[in-house]
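**Student:** Output the structure for:
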Amino acid sequence: QGQLVESGGGLVQPGGSLRLSCAHSEFSSDYYATGWFRQVPGQEREGVAYITWAGTTMDYIDSVKGRFTISREDRKNMVHLQMNSLKPEDTAVYYCATRTYGSGSFFDASRYDNWGQGTQVTVSS
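**Tutor:** Numbers count the residues shown, from 1 in each chain. Sure thing, here's the model as predicted:
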């Protein structure tokens, strides 16, 4: 599988916005979905949102619904995560990942087999 590279993280004040991007170095027809996860030190990696590559099925965890939007940019093999109304509890390292099958929870990190290196998002005044 190709390499995944995240970008767009940074420091933002509460209520602000950031747009994360996940670049897939090459697209594989085996890709079933790309997901965004986040992790705080000492805690498990948490699934935030996902989008499928066949069709456009997407979903979010409850804590980000209405604030985050996931989208695909097919011509550039990129997946974006637009994050609005950010809160201090959104602070984490954000990762994108791909999976090649559709069974099991899309918010389960163990179902994904290709990961980026992560990008830090800090929400603080």
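
**Student:** Kindly state the beta-bridge partners for the residue nearest to the spatial centre of the chain.
**Tutor:** For the chain, the residue nearest the mean C-alpha position is residue 36 (1.9 Å; Cα atoms, centre = their mean). Residue 36 has the following beta-bridge partners by DSSP bridges: residue 49, residue 96.

**Student:** ok, now residue 72?
**Tutor:** residue 79.

**Student:** one step back: is the residue nearest to the centre of the chain in contact with residue 92, as I believe?
**Tutor:** No - here residue 36 does not reach residue 92: they are 10.6 Å apart, not a contact under Cβ atoms under 8 Å. The way it works is simple: take the backbone N, C-alpha and C, and place the C-beta from them, glycine included.

**Student:** rewinding a little: quick one: the residue nearest to the centre of the chain from residue 120, how far?
**Tutor:** According to Cβ to Cβ, to the nearest Å, residue 36 stands 14 Å off from residue 120.

**Student:** Residue 9 too?
**Tutor:** Applying Cβ to Cβ, the value for residue 9 to residue 120 is 5 Å.

**Student:** any residues in contact with both of those two?
**Tutor:** residue 94 (Cβ atoms under 8 Å, 6 or more residues apart in numbering).
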